[in-house]
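[1] After the sequence you'll find the predicted model.
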Amino acid sequence: MDPDCKSETPSPPTVYGPDPFELAGRRGCRYWVQHPFAFTGHLEVDDRLSGYPVAIFQPHGRPAHDTPLVIGLQGLGAPFQWNDFLIPTLLDQGIACLLFDTPGGGERSLARSHDGDVLGELQQFTQREVPVSAGFVVRLFEAVARDFRTVLDLAAERHGLTADRLALFGVSLGTLLSAFAFTRDGIGTRLLGTIGHANLPRFACSYAPWFRPLLTWLPDRLLGWVGGWMGGDKGKVGLSFVRVLHELSFGDPAVRAANPMTYLHRVSRDRRVRFLVGGNDPRVRPRDAIACARRFPDGDCYVVPGLDHGGPDFIDHARYFVSTQLGDWCW
């Protein structure tokens, strides 16, 4: 099947629910959205990736039309529940919170796993003989940008959340996906990214190991043999994934179209961009995040000494980051 397939017929989403839902000790509503999208051209894969859960939490006592909203996205392969720390942090400030799964994570994955095992998810593609390429990643960005519009309509129509104070929050890959909707489509007045930034090629380059250029010269059969020798089936998938990262680190036309920085000129000075990264992050280089933030009209980056790519201290730092950046939105 063609991973760059772009021939889907536009169709409206089907929304199921709401159902009562509790997370982080707070009660909200859970929906299921089914919105067909041609990620790969493989019917089963596309169907599994096209449906996703949406959880909405609102503070009590604040008029819905005056309630700010934060939409949070997790990192690669992670379920939206990993952003549960946002819920009490935001609700206690009088801010609503909306979370949804991105393709490959949680209930929107082929493995239907909540353990954040990226290679395990990619194995599911391999077993179905569906290649994961740079073209697939571009489709993923397009799909999630559409999802933002869908969930915003849902929040407005079902919950009356129509205030113009909207922030997009992301963790790792979630930062890139949020930034794409923020820059290209003008969604959100604030972008808050953690352990990530908005430059797709630089993100991919830092995420991949130093030997990634060598993989472009290996034929697929030899690549599979080397990966199997290094780590069995997951080793094969891992090396294939590194090859994709290498492809994304170059600015060919397809990658440029998915790079949030391509649309930097659409971001006005009144739209704030802030990044929080770790000084010891082995995957996202602080210098890349700093350079990326400086290119925005109102952008800044905070580097936490000793912080890794996540880790036990990440949640505390992320909570403080969100609460201070949105302090003027409190009731």
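    Now that the structure is in, tell me what you want to look at.

[2] Could you verify that Tyr174 is part of a helix?
    Small correction: residue 174 is Gly, not Tyr. Yes - assessed with DSSP: H, G, I helix; E, B strand; the rest coil, Gly174 lies in a helix.

[3] so it makes contact with Pro79?
    No - using CB atoms under 8 Å as the test, Gly174 is too far from Pro79 to be in contact (11.6 Å). Where C-beta positions appear, they are placed from N, C-alpha and C, glycine not excepted.

[4] Quick check: buried residues in stretch 248-265?
    248-249, 254-255, 258-264 (16 or more other CB atoms under 10 Å).

[5] Among those, name the ones in strands.
    Members of these lying in strands (criterion: DSSP state E): none.

[6] Give me the more crowded residue out of Gly174 and Pro79.
    Gly174 (28 against 22; other CB atoms under 10 Å).

[7] Using PDB, list the CA coordinates for stretch 298-316.
    Extracted in PDB, the C-alpha atoms of stretch 298-316 (Å, rounded to 0.1, in the frame of the first residue of the first chain):
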ATOM      1  CA  ASP A 298       7.200  36.400  21.300                       C
ATOM      2  CA  GLY A 299       9.100  33.200  22.100                       C
ATOM      3  CA  ASP A 300      11.300  32.000  25.000                       C
ATOM      4  CA  CYS A 301      12.800  28.800  26.300                       C
ATOM      5  CA  TYR A 302      13.500  27.700  29.800                       C
ATOM      6  CA  VAL A 303      16.200  25.100  30.400                       C
ATOM      7  CA  VAL A 304      16.000  23.100  33.700                       C
ATOM      8  CA  PRO A 305      19.400  22.000  34.900                       C
ATOM      9  CA  GLY A 306      19.700  18.200  35.500                       C
ATOM     10  CA  LEU A 307      16.300  17.400  33.800                       C
ATOM     11  CA  ASP A 308      16.300  14.500  31.400                       C
ATOM     12  CA  HIS A 309      13.800  13.700  28.600                       C
ATOM     13  CA  GLY A 310      11.100  13.200  31.200                       C
ATOM     14  CA  GLY A 311      12.100  11.500  34.300                       C
ATOM     15  CA  PRO A 312      10.800  11.600  37.900                       C
ATOM     16  CA  ASP A 313      11.000  15.400  38.200                       C
ATOM     17  CA  PHE A 314       9.400  16.200  34.900                       C
ATOM     18  CA  ILE A 315       5.800  16.400  36.100                       C
ATOM     19  CA  ASP A 316       6.600  18.900  38.900                       C
END
